[in-house]
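*Asks:* missing the sequence, but the structure's below:
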């Protein structure tokens, strides 16, 4: 079955086919369990409600997505520079990957032992710090993981495999979202959220088991004898010389800013329609259900037409989610917000880094990805401005500004960014 969905490319070396098939299987299982585990403590639907239940303000709630994005991206350029002279990336991926997952256990223990015993003035920033650290350690393992992924998966299969990983994890997450709703409704606070964090830890550790079994061949190190290069100077050189990458950075920054309000959607729905906190599980189930369909379609689009088409869809879906949040008149209509949000987030997973990988040579890939993440991630700080603005101008105005940013990203991508595959042809 897997060989039909992910057929071995005809030009793949015969002696490497067995290793390829084994790696594809482990990549699929690793990703599926990881997606399922992280959906239990979704940054978009679960964590914002947790912060609200702790007594967090709109500014604190908006900080969830901001801190997560910053933590997941800021370290990238420095990790990229470290990886440039490496021929093996798996050891770095495994070490930081374990710490990343262990932080979920720390969050669960903290929710059990600390919440209720300290004031919200301490608990809210403390948990925001923990969430930030989960993202940071995820970033430290994420870039070496992506290097292993691109080394072990042929270009024609990357989008499809990424989509299948998300699909299987999301399919399981549909049931998981329903279970989350039951847990939040039936177990008292904060034990319910503590249980969710610990559950996420054990599920993601299952993914870690499969991660350990991925085999990696050494990279060809073309910079082994070069002198150390200043990372700032290297970034300036790339940005000045590659206009296509430069325009992509502007479009990516607008797209990242348009997702800065993701933390608001579940909280706004609960306030707007006077819903119980357990609805966060329902929102998660909607996101997971959407992912099942979206990942099939988005993976095929990426492999067939290129990742630029998907990035255009990201901008469109982000704008649609923001506008629907404003104009929804009932909770049924508001459910479409999470459908479009899910599509936008899945495009980021499937196509954002994959698009960058096709913009450059293999030996420059870590630096290109590091530059992108480090330069565009700080634009997420606009989310703090949105959080500060909500009490003054309301959620609706913030969502309208988000839609404008998404439309700007669409325009720049469509008008100025060229599909890398077309340039190579």
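*Replies:* Good, I have the coordinates. All figures in this text were calculated on a predicted structure; none of them were measured in a lab.
*Asks:* isn't there a helix covering residue 329?
*Replies:* No: the assignment for residue 329 is coil, going by DSSP: H, G, I helix; E, B strand; the rest coil, so no helix is present there.
*Asks:* what's the pLDDT at it?
*Replies:* Among the per-residue scores, residue 329 holds a pLDDT of 92.
*Asks:* what is the burial count for it?
*Replies:* Counted by other CB atoms under 10 Å, the residues lying close to residue 329 total 7. C-beta: built from backbone N, CA, C; applies to glycine.
*Asks:* next one: the one 10 residues further on
*Replies:* Here the number of neighbours of residue 339 (other CB under 10 Å) works out to 20.
*Asks:* now it: how far from residue 270?
*Replies:* The gap separating residue 339 from residue 270 is 18 Å, by CB to CB, to the nearest Å.
*Asks:* do the same with residue 330
*Replies:* If you go by CB to CB, the gap between residue 330 and residue 270 works out to 14 Å.
*Asks:* neighbour count for these two, which is higher?
*Replies:* Regarding residue 330 and residue 270, a neighbour count based on other CB under 10 Å identifies residue 270 as having more, with 20 against 9.
*Asks:* gap between the host helix or strand of the more buried one and the chain center?
*Replies:* For residue 270, the host element (DSSP states H and E) is helix 262-272. For helix 262-272, the gap between its own C-alpha mean and the chain's C-alpha mean amounts to 20 Å (CA atoms, centre = their mean, to the nearest Å).
*Asks:* I'd like the average pLDDT over that helix.
*Replies:* Mean pLDDT, taken over the full extent of helix 262-272, equals 88.
*Asks:* and that helix, which residues are buried?
*Replies:* For helix 262-272, the buried set under the neighbour-count rule, 16 or more other CB atoms under 10 Å, comprises 262-270.
*Asks:* count of neighbours near residue 215?
*Replies:* For residue 215, the tally of surrounding residues (other CB under 10 Å) stands at 12.
*Asks:* do the same with residue 375
*Replies:* Burial measure for residue 375: 17 neighbouring residues, criterion other CB under 10 Å.
*Asks:* skipping its backbone neighbours, what lies nearest it in space?
*Replies:* The shortest distance from residue 375 to any residue other than its chain neighbours is 6.1 Å, reached at residue 249 (CB to CB, 6 or more residues apart in numbering).
*Asks:* so who does the one you found touch?
*Replies:* For residue 249, the contacting residues are 239, 371-372, 375-376, taking CB atoms under 8 Å, 6 or more residues apart in numbering as the criterion.
*Asks:* thinking again about what came up before, now the buried residues of helix 262-272 in CSV, with distance to residue 416?
*Replies:* Rendered in CSV, the data for the buried residues of helix 262-272 read as follows (distance: CB to CB, whole Å):
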residue, distance to residue 416
262, 26
263, 30
264, 30
265, 30
266, 34
267, 35
268, 33
269, 36
270, 39
